[in-house]
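Visitor: got a sequence here, can you model it:
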Amino acid sequence: MAGKSLTVETLPHPREATYFVIVLVGSILLWIALSCVLIFWLPFAALFGWLANGLFIARLRSEAVEVTEFQMPALHRVFVETCERLGQTTVPRLYVLESGGLLNAFATRFCARDFVAVYSDMLEACGPDSCEMRFILGHEIGHIRQSHLLKQIVLLPGLFLPLIGNAYRRSRESTCDRFGMFAANDSRGAIHAMMMLVGGREAGRKFDAEMFAAQYQRERGFFVSWHELLSSYPTLSRRVADLLALERGEPEVEVRRHPLAYLLGLITLSTPGGGITSVVITFILIFYFALIAIPMAAGFAASRLPDISETLDEPGGESEISEAEILAKGVIDERLIGLWRGTNEGNDWTTERRPDGTVETKIFDEDGEAEVLNGQWRLVGDLYYELFEGGTVDRYRVESFGADRMVFRDPDEAGGTLLIELRQ
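Guide: The predicted structure follows:
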């Protein structure tokens, strides 16, 4: 007999409440952040979600068969008895929906009304008045009894948090499996129903549940562990193992997961589909935000240099900006500070640019004698200026920066002379 020590009050999975609190806190913080950033879009998103759900319910109500005391009365009676056993005072609407061969059922909610749908192939596989069907119906009633459908709206952003989002989803499903077994009042019937989900309506009844459950303990590799962490449902082998433990009155079997799976799980969003869907959605979002962030970063870097397009002629022409304007508009870029050495057309020189904006250049002749020039240096846009004592002004266009290398071009020379300087 299933669940001799269980009551309706003890059916929720022990970890569901803990995961709920964590996801709730994360959801509240994310809702606040989203409200600040997307305050004008959230109402439209909510409206879109409501309309989409309304259309889905309309399809259910118009294209699925509603189960009543006159339409499939045996199934209706079993459904009412299941609700009574689980303490569900308001009986939801029940529908049978053709699904192209899928064996499943689901619960949903719209405008304060709860709905349960059973796929037609599931009904044919189990029969309307069977322990297997009571397990399936009890599982869906468990979602309604635990207010999972209402909580999902509040917890929506938190359900996408890596690891914890899907951990909470899995705990909900484990809770509902317990509700289903309690509703079936027959552990073997509940386990048979789960095995039909594993192997189909005919073969599933013939498989050995204990041997299948043993796979949960035996298959502990990296990819299996990663799959478990990304899944929004406990694996079928885990669910069967848990039902068997519940039948024997034993605690759930706990196993270790591969540590690397947790590391990858931390950077993968939790999604309802789980598995490869989570990986693809995470990759798309990372790629999308990279496309936004890279141009923004480049634009920010460029914005650090002042725009002097109104005060300078085209490259190669004479500058109309005065020395006073150069000193006023120019910046002291820390990338140029330091002692640099260069060679050009047989001339060797050193240039020391100081943080206070002063510069000292030494030009060496063939005998090693140095001519010393002192002055000020500034960067205006992408033009570099040296203002030496005596009124000499040198101007170069910055071609590129590097950790130990810069390339300047003289815009006043035909063809532009390249000056390559290396940090000492």
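
Visitor: name all residues that make contact with residue 45.
Guide: residue 38 (Cβ atoms under 8 Å, 6 or more residues apart in numbering). For glycine as for every other residue, the C-beta is placed from the backbone atoms N, C-alpha and C.

Visitor: isn't there a helix covering residue 89?
Guide: No: Residue 89 is assigned coil when assessed by DSSP: H, G, I helix; E, B strand; the rest coil, not a helix.

Visitor: what is the burial count for it?
Guide: Burial of residue 89 is recorded as 6 neighbouring residues (other Cβ atoms under 10 Å).

Visitor: got it, and the one 5 residues further on?
Guide: For residue 94, the count of nearby residues is 27 (other Cβ under 10 Å).

Visitor: confidence score at the residue nearest to it when sequence neighbours are not counted?
Guide: Nearest residue to residue 94 in three dimensions, chain neighbours excluded: residue 67, at 4.2 Å (Cβ to Cβ, 6 or more residues apart in numbering). You'll see residue 67 listed with a pLDDT of 97.

Visitor: what pLDDT does the residue lying closest to residue 332 once chain neighbours are set aside get?
Guide: Distances taken as Cβ to Cβ, 6+ apart put residue 357 closest to residue 332, at 5.0 Å, once the chain neighbours are dropped. For residue 357, the model assigns a pLDDT of 89.

Visitor: would you list the phi and psi of residue 357?
Guide: phi 90, psi 0 (degrees, to the nearest 10).

Visitor: same thing with the one 10 residues further on?
Guide: Recorded main-chain torsions at residue 367 are phi -90, psi 0, according to degrees, to the nearest 10.

Visitor: run a quick neighbour tally on it.
Guide: 6.

Visitor: enumerate every residue touching residue 126.
Guide: 132, 133, 136, 193, 196.

Visitor: save these as a markdown table, and put in secondary structure and distance to residue 292 too.
Guide: Below are the contacts of residue 126 laid out as a markdown table (DSSP: H, G, I helix; E, B strand; the rest coil; distance: Cβ to Cβ, whole Å):
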| residue | secondary structure | distance to residue 292 |
| --- | --- | --- |
| 132 | helix | 51 |
| 133 | helix | 51 |
| 136 | helix | 45 |
| 193 | helix | 48 |
| 196 | helix | 47 |
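
Visitor: thinking again about what came up before, the residue nearest to residue 94 and residue 77 touch, don't they?
Guide: No: under the criterion of Cβ atoms under 8 Å, residue 67 makes no contact with residue 77, lying 9.9 Å away.

Visitor: more crowded one of these two?
Guide: Shown here are residue 67 and residue 77; by other Cβ under 10 Å, residue 67 has more neighbours (24 against 14).

Visitor: how about the backbone phi and psi for that one?
Guide: phi -90, psi 120.

Visitor: how close does it sit to residue 228?
Guide: To residue 228, residue 67 is 35 Å away according to Cβ to Cβ, to the nearest Å.

Visitor: Three-state assignment for the spatially most central residue of the chain, please.
Guide: The structure's the chain has its C-alpha centroid closest to residue 269; by Cα atoms, centre = their mean the separation is 3.3 Å. Under the three-state scheme (three-state DSSP), residue 269 adopts coil.

Visitor: that one and residue 400, how far apart?
Guide: 39 Å.

Visitor: related to what we said a few turns ago, for the residue nearest to residue 332, what are its contacts?
Guide: 327, 332, 376, 377, 378.

Visitor: ok, so of these, who is nearest residue 101?
Guide: Closest approach to residue 101 among the contacts of residue 357 (Cβ to Cβ): residue 332, at 73.2 Å.

Visitor: that closest one contacts residue 380, correct?
Guide: No: in this structure residue 332 lies outside contact range of residue 380 using Cβ under 8 Å: 11.2 Å.

Visitor: more crowded one of those two?
Guide: Between residue 332 and residue 380, counted using other Cβ under 10 Å, the more crowded position is residue 380 (23 against 16).

Visitor: without its sequence neighbours, what residue ends up closest to residue 388?
Guide: Here the residue nearest residue 388, using Cβ to Cβ, 6+ apart, is residue 375, at 3.7 Å.

Visitor: residues making contact with the strand or helix carrying the one you found?
Guide: For residue 375, the element it lies in under DSSP states H and E is strand 370-380. The contact list for strand 370-380, computed with Cβ under 8 Å, 6+ apart, reads 305-306, 308, 312, 321, 326-327, 329-333, 336, 353, 357-365, 384-389, 392, 398.

Visitor: pull out the buried members of those.
Guide: 305, 308, 312, 321, 326, 329-330, 332-333, 336, 353, 357, 359-361, 384-388, 398 (16 or more other Cβ atoms under 10 Å).

Visitor: element containing the spatially closest residue to residue 156 that is not a sequence neighbour?
Guide: Distances taken as Cβ to Cβ, 6+ apart place residue 27 nearest to residue 156, at 6.9 Å, with adjacent residues excluded. For residue 27, the element it lies in under DSSP H and E is helix 16-37.

Visitor: cool, and residue 327?
Guide: Secondary structure (DSSP H and E) places residue 327 in helix 323-329.

Visitor: my guess is residue 408 contacts residue 395, does it?
Guide: No: between residue 408 and residue 395 there is no contact under Cβ under 8 Å: 9.7 Å.

Visitor: joint contacts of these two?
Guide: residue 384.

Visitor: in the stretch 51-200 of the chain, which spans are strands?
Guide: 65-67, 93-97, 105-110, 113-119 (DSSP state E, counting those that start in this stretch).

Visitor: and those strands: which comes nearest residue 258?
Guide: Per Cβ to Cβ, nearest to residue 258 of these: strand 105-110, 31.7 Å.

Visitor: can you show me the helices along the stretch 251-400 of the chain?
Guide: Listed in chain order, the helices of the stretch 251-400 of the chain (DSSP state H, counting those that start in this stretch) span residues 259-266, 276-303, 323-329.

Visitor: can you tell me which residues contact the residue nearest to residue 156?
Guide: Counted by Cβ under 8 Å, 6+ apart, residue 27 has contacts 154, 155, 156, 157, 158, 159.

Visitor: now, which of the residues you listed lie within helices?
Guide: residue 154 (DSSP state H).

Visitor: which one of the contacts of residue 27 is nearest residue 62?
Guide: residue 156 (27.4 Å).

Visitor: where does this protein dip in pLDDT?
Guide: Along the chain, the model assigns pLDDT under 70 to residues 1-5, 295-320, 343-346, 402-404, 411-424.

Visitor: just the C-alpha atoms of stretch 251-266, please, in CSV.
Guide: C-alpha atoms of stretch 251-266 as CSV (Å, rounded to 0.1, in the frame of the first residue of the first chain):
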residue,chain,number,x,y,z
PRO,A,251,14.5,8.2,2.6
GLU,A,252,15.3,9.2,-0.9
VAL,A,253,18.5,7.9,-2.4
GLU,A,254,21.1,10.7,-2.5
VAL,A,255,24.0,10.5,-5.0
ARG,A,256,27.0,12.7,-5.8
ARG,A,257,27.2,14.7,-9.0
HIS,A,258,30.4,15.5,-11.0
PRO,A,259,31.9,18.8,-9.6
LEU,A,260,32.6,20.1,-13.1
ALA,A,261,28.8,19.9,-13.8
TYR,A,262,28.2,22.5,-11.1
LEU,A,263,30.7,24.9,-12.6
LEU,A,264,29.0,24.8,-16.0
GLY,A,265,25.6,24.9,-14.3
LEU,A,266,26.6,28.2,-12.7
